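Peer 1: okay, structure incoming, though there's no sequence with it:
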C-alpha cells in the first residue's frame with residue numbers, strides 16, 4: 001500500500017462518495033437475517049462516517065500500514081473469526097488500500113456465511129472525477145491508489161466461487177455538485193466515481209446420491225440337447 005493512500009481516502013471529495021455508498025449498505029443489511037456484519041474501510045478517518053447496518057451487529061476494521069486495525073488487529077490473510085461468521089461483508093475501498101496481493105479476498109469468503117452477501121466498493125478508473133483528482137493532486141501527497149475496474153472486481157469475486165448478482169455505479173461523473181445531474185443520465189452511469197459489486201455466497205446443498213440400477217435376474221440357459229442315437233452308435 002502506498003503511504004499516501006490514507007490521505008487520499010480522507011479527502012472531502014472522497015468522503016462525499018463514501019457517504020453516497022452508505023445507502024446501499026443499509027438497504028442490503030435490511031434484507032439479511034440477524035447476525036453480524038464485517039465492515040472494512042480504507043483508513044481510520046473513514047470510521048467517523050456514520051454507518052447503518054440495521055439489525056446486523058457491525059464489526060469494523062480499517063487499513064493501517066498494510067494491516068487491519070479497529071475492533072480487531074490482524075493481518076489481511078489471517079482474519080481471527082471462525083468460518084461463516086458474518087451474514088454480510090462490506091469492503092469499502094479497503095481492497096484498493098491494501099492492493100491485489102494482500103490475500104484478503106479468500107479470507108473474506110471464508111468468514112461469509114452461506115447465503116450471505118458481499119458488497120465490494122471500488123473507485124472507477126474510467127471516471128473523469130478520478131482523473132480530475134489525479135490532476136489536482138499530482139503535486140500533493142494525497143494521490144489516488146491503484147484502482148481495479150468493476151469488471152475485473154466482478155471476475156475476481158466469481159473466481160472465489162461467489163455469485164456476482166449486479167454492478168451499480170455511484171457518485172458524480174465530474175464534480176461533487178454535479179451528482180444530481182449525473183444520476184439523471186443513465187448512459188453516463190459507467191463514468192461515475194465509484195461502483196459496488198454485490199455477490200452472494202451460495203448455500204451449501206446436499207449432494208444427491210446416485211441410485212443404483214436394479215439388476216434383473218439373468219435367464220437360466222436351456223439344457224443342452226441330448227445327443228442323437230446315431231451319434232451314440
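Peer 2: Great, that's in hand. This is a predicted model, so every value here is computed, not measured.
Peer 1: now name the helix or strand holding residue 118.
Peer 2: Taking DSSP states H and E as the definition, residue 118 sits inside strand 112-123.
Peer 1: show me what that strand packs onto, helices and strands only.
Peer 2: The contact analysis (3 or more Cβ pairs under 8 Å, 6 or more residues apart in numbering; DSSP states H and E) places strand 112-123 against helix 12-30, strand 86-92, helix 94-98, helix 150-159, strand 194-201. C-beta here means a position set from N, CA and C on the backbone, and glycine is covered the same way.
Peer 1: tell me the SS of residue 53?
Peer 2: Here residue 53 is recorded as coil under DSSP: H, G, I helix; E, B strand; the rest coil.
Peer 1: where's it relative to residue 203, distance?
Peer 2: 22 Å (Cβ to Cβ, to the nearest Å).
Peer 1: higher neighbour count, the two?
Peer 2: residue 53 (23 against 9; other Cβ atoms under 10 Å).
Peer 1: so what's the more buried one up against?
Peer 2: By Cβ atoms under 8 Å, 6 or more residues apart in numbering, the contact set of residue 53 is 25-26, 29, 37, 39, 88.
Peer 1: relative to residue 5, which of these is nearest.
Peer 2: Among these, residue 39 lies closest to residue 5 (Cβ to Cβ), at 18.1 Å.
Peer 1: gap between the closest one and residue 19?
Peer 2: 14 Å.
Peer 1: which of those two has more residues huddled nearby?
Peer 2: Taking other Cβ under 10 Å, residue 39 and residue 19 do not tie; residue 39 has more neighbours (25 against 12).
Peer 1: ok now do residue 102, which residues does it touch?
Peer 2: Shown in contact with residue 102 (Cβ under 8 Å, 6+ apart): 66, 76-77, 95.
Peer 1: among these, which lie within helices?
Peer 2: residue 95 (DSSP state H).
Peer 1: dump the contacts of residue 102 into a markdown table; add pLDDT, neighbour count and distance to residue 124 as well.
Peer 2: Formatted as a markdown table, the contacts of residue 102 follow (pLDDT from 0 to 100; neighbours: other Cβ atoms under 10 Å; distance: Cβ to Cβ, whole Å):
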| residue | pLDDT | neighbour count | distance to residue 124 |
| --- | --- | --- | --- |
| 66 | 91 | 12 | 24 |
| 76 | 96 | 23 | 23 |
| 77 | 96 | 13 | 27 |
| 95 | 94 | 25 | 14 |
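Peer 1: tally of neighbours for residue 7?
Peer 2: Neighbour tally, residue 7, other Cβ under 10 Å: 17.
Peer 1: report pLDDT for the closest residue to it other than its chain neighbours.
Peer 2: With Cβ to Cβ, 6 or more residues apart in numbering as the criterion, residue 7 has its nearest non-adjacent residue at 4.0 Å, and that residue is residue 142. The score at residue 142 is 82. That number is its pLDDT.
Peer 1: would you agree residue 142 is in contact with residue 13?
Peer 2: No: with contact defined as Cβ atoms under 8 Å, residue 142 does not count as touching residue 13 (10.0 Å).
Peer 1: now for the spatially closest residue to residue 195 that is not a sequence neighbour: which residues touch it?
Peer 2: In space, and not counting its chain neighbours, residue 195 is closest to residue 150: 4.3 Å by Cβ to Cβ, 6+ apart. When the contact criterion is Cβ under 8 Å, 6+ apart, the partners of residue 150 are 122, 124, 167, 169, 190, 195, 197.
Peer 1: and residue 150, how close does it get to residue 159?
Peer 2: Distance of residue 150 to residue 159, computed by Cβ to Cβ: 15 Å.
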